[in-house]
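> predicted structure and sequence below. I'll ask about it afterward.
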Amino acid sequence: MSFESMTMTASTGPASVQNIDLRLTRTLDAPRDLVFEVWTEPKHLINWWGPHDFTLPFCEVDLRVGGAYRFCMLAPDGSEHWVTGEYRTIAAPDRLTFTWLRETSKFGEVWCDTVVNVTFEEDTKGRTTMTLIQTGFTLPEHCSEHRSGWSECLDRLADYVSVPTARENI
């Protein structure tokens with residue numbers, strides 16, 4: 001099951017800026033504790049993070065409020081896609097909030113500065129409904145690109161948590 005939407009809200013005032021939010025929801029065939037852990041532990045992140053056919057050769061996580069993360073997603077064509085941010089909320093296993101800074105190179109030129117909030121709800125059958133909301137886009141094309149990337153990433157996550165070895169590593 002998946003639900004995807006993109007909403008636009010315009011702020012008021014003389015320096016009006018559009019804020020575009022991305023919302024994705026997935027129901028995963030895995031318990032919430034496992035889903036939360038695969039979002040926060042490098043040993044799991046390297047197995048599913050990024051769009052299809054991307055790898056994660058660099059994955060650094062300081063999982064604490066105010067702690068930073070930094071990832072390098074390597075595309076099939078060899079291009080590097082660096083992402084960094086800071087954890088704002090860690091409420092295991094219910095919620096994770098972090099800033100999302102997309103760099104144009106490993107030297108830190110930022111072109112996307114947003115906030116990601118992920119919630120995890122477990123149903124009575126042990127499945128987890130995960131909702132990802134990324135806020136603060138100012139350009140529709142950036143939101144659209146992230147919708148595509150996150151959708152592929154979450155597909156990989158769903159596949160990963162359904163594999164018995166992921167459950168054994170918890």
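Nice, I can see it.
> tell me what the top helix by length along the chain is packed against?
If you go by DSSP state H, the chain has its longest helix at helix 140-161. Here helix 140-161 touches strand 2-10, strand 18-28, helix 32-40, helix 42-48, strand 110-122, strand 128-137, going by 3 or more C-beta pairs under 8 Å, 6 or more residues apart in numbering; DSSP states H and E. Every residue, glycine included, has its C-beta placed from N, CA and C.
> can you rerun that using 6 Å?
Helices and strands touching helix 140-161, as assessed by 3 or more C-beta pairs under 6 Å, 6 or more residues apart in numbering; DSSP states H and E, comprise strand 18-28, helix 42-48.
> and these: which comes nearest L63?
Between L63 and the helices and strands packed on helix 140-161, the shortest gap by C-beta to C-beta is with helix 42-48, which sits at 9.5 Å.
> what about the closest one, distance to the chain center?
Here helix 42-48 is found 13 Å from its chain centre; the criterion is C-alpha atoms, centre = their mean, to the nearest Å.
> who's in contact with it?
For helix 42-48, the external contacting residues (C-beta atoms under 6 Å, 6 or more residues apart in numbering) are 38, 56, 59, 61, 156-157, 160.
> turn those residues into TSV, columns for pLDDT.
Formatted as TSV, the entries for those read as follows, by pLDDT from 0 to 100:
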residue	pLDDT
V38	96
L56	98
C59	98
V61	98
R156	97
L157	97
Y160	95
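> from the residues you listed, which is closest to I90?
Lowest distance from I90 to these (C-beta to C-beta) belongs to V61, with 11.0 Å.
> now the residue nearest to the closest one when sequence neighbours are not counted: how far from I90?
Nearest non-adjacent residue to V61, counting by C-beta to C-beta, 6 or more residues apart in numbering: Y69, 4.8 Å away. When distance is defined by C-beta to C-beta, to the nearest Å, Y69 is 11 Å away from I90.
> which one's more surrounded, the two?
Here Y69 and I90 are set side by side on neighbour count (other C-beta atoms under 10 Å), and the busier one is Y69, at 20 against 17.
> pretty sure the more buried one contacts L63?
No: counting by C-beta atoms under 6 Å, no contact exists between Y69 and L63, whose distance comes to 7.9 Å.
> flag the shaky bits of this structure, pLDDT-wise.
Of all residues in the chain, those with pLDDT under 70 make up the ranges 1-17, 104-111, 165-170.
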